[in-house]
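S.K.: compute the structure for the input listed below.
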Amino acid sequence: MRFGDRMKETTIKEAQELVRRFVEERNWQTPPEDILIHMVEEQGEVARNILAMKNYGGQHVKKSDNNMDEELADMLYLLLKLANETKVDLDDALLRKLEKNAKRFPVEKK
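M.R.: Okay, the predicted model is just below:
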């Protein structure tokens, strides 16, 4: 399976299906708690990138050494994998959550 051009305009539902097939083809199904632990690890890598970008603690990092895109992609992959393992339709869940938050936090009129 080639992914390159396919992901340019992929919906959340399609991405979730791509991850499901990717995992299934490799027999990489794992329990949700293991996926969560891996997500926390990846979140730490994102945090390290952000801190380096802000020169936190005097870290001098060249822009070419920052792999934020890869780390965020890891987190997205794991989120989609976790949604699959827990039978959550993320597309539907996100739309419902946005509707709920829109009612809870309406745009202020000026």
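
S.K.: please enumerate the helices of the protein.
M.R.: For the chain, the helices defined by DSSP state H cover 12-26, 32-53, 68-85, 90-104.

S.K.: between helix 68-85 and the second one, find me the angle.
M.R.: Using axes from the mean of the first three to the mean of the last three CA atoms, to 10 degrees, one finds that helix 32-53 and helix 68-85 are set 160 degrees apart in direction.

S.K.: which strands and helices sit next to the lowest-mean-pLDDT helix or strand in the chain?
M.R.: Ranking every helix and strand in the chain by mean pLDDT, DSSP states H and E puts helix 32-53 at the bottom, with a mean of 94. Counting contacts by 3 or more CB pairs under 8 Å, 6 or more residues apart in numbering; DSSP states H and E, helix 32-53 packs against helix 68-85. The way it works is simple: take the backbone N, C-alpha and C, and place the C-beta from them, glycine included.

S.K.: other SSEs contacting the helix it packs on?
M.R.: Packing contacts for helix 68-85, counted by 3+ CB pairs under 8 Å, 6+ apart, involve helix 12-26, helix 32-53, helix 90-104.

S.K.: out of these, which gets nearest to residue 68?
M.R.: Among the helices and strands packed on helix 68-85, helix 32-53 comes nearest to residue 68, with 4.7 Å by CB to CB.

S.K.: report the buried residues of the closest one.
M.R.: 35, 38, 39, 42, 45, 46, 48, 49, 52 (16 or more other CB atoms under 10 Å).

S.K.: what does it rub up against?
M.R.: Outside helix 32-53, the residues that touch it by CB atoms under 8 Å, 6 or more residues apart in numbering are 57, 59, 61, 65-68, 71-72, 74-75, 78-79, 81-82, 85-86.

S.K.: nice, that's everything, thank you.
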